[in-house]
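> Quick one: sequence plus predicted model below, questions after.
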Amino acid sequence: MSSNGSFPVIATRINGTIYCYVNACPHQYLPLNYRSDSIISSDGHRFLCSAHGAAFDIKTGDCLTGDCDKLDAISVVEDLAGNLCIKHREP
Ligand code: FES
């Protein structure tokens, strides 16, 4: 998270469902697009970290290669204008 409270996210839509995560690879907390903006596998099922090659299931965020944690999921909703909004978490 930056000093102004913002953080980078990655989001994609598969069959109408939006999957959103903090854009920080759990290996070294670099953004998945650190070395390349090509971060979706050719089959469309995995996010690929461009730094060292970790792969993550787009639908779950689970790490599929190597020994790293899963991506941090963000719950989002889409408003009528198509904007993604982070869901408010009840205390
Ligand atoms: S920072 Fe992503 S695999 Fe190393």
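Arrived safely, thanks for sending.

> what's the spacing between Gly53 and Tyr34?
11 Å (C-beta to C-beta, to the nearest Å). For the C-beta atoms, the positions are set from N, CA and C on the backbone; glycine is no exception.

> Ignore what I typed, I meant Cys49.
Distance of Cys49 to Tyr34, computed by C-beta to C-beta: 8 Å.

> and what of Leu84?
According to C-beta to C-beta, Leu84 stands 23 Å off from Tyr34.

> Kindly report the same for Ser6.
Here the distance between Ser6 and Tyr34 works out to 18 Å (C-beta to C-beta).

> now do Phe7
From Phe7 to Tyr34 the distance is 15 Å (C-beta to C-beta).

> between the two, which one's more packed in?
Tyr34 (15 against 12; other C-beta atoms under 10 Å).

> Quick check: nearest residue in space to the more buried one, chain neighbours excluded?
Sequence neighbours aside, Ala51 is the residue nearest to Tyr34 in space, at 4.5 Å (criterion: C-beta to C-beta, 6 or more residues apart in numbering).

> The one you found reaches Cys25, doesn't it?
Yes - if you go by C-beta atoms under 8 Å, Ala51 and Cys25 touch, sitting 6.4 Å apart.

> higher neighbour count, the two?
Cys25 (27 against 17).

> for the more buried one, what are its contacts?
By C-beta atoms under 8 Å, 6 or more residues apart in numbering, the contact set of Cys25 is Pro31, Leu32, Tyr34, Cys49, Ala51, His52, Ala54, Cys68, Leu71.

> tell me which residues in stretch 40-52 are buried?
Residues of stretch 40-52 classed as buried under the neighbour-count rule (16 or more other C-beta atoms under 10 Å) are Arg46, Phe47, Leu48, Cys49, Ser50, Ala51.

> among the contacts of Cys25, which are in reach of the ligand?
Among the contacts of Cys25, the residues that sit close to the ligand (C-beta under 6 Å from any ligand atom) are Cys49, Ala51, His52, Ala54.

> I'd like the next helix or strand past the helix or strand hosting Ala11.
Assignment of secondary structure by DSSP states H and E places Ala11 within strand 9-14. For strand 9-14, the succeeding helix or strand toward the C-terminus, using DSSP H and E, is strand 17-22.
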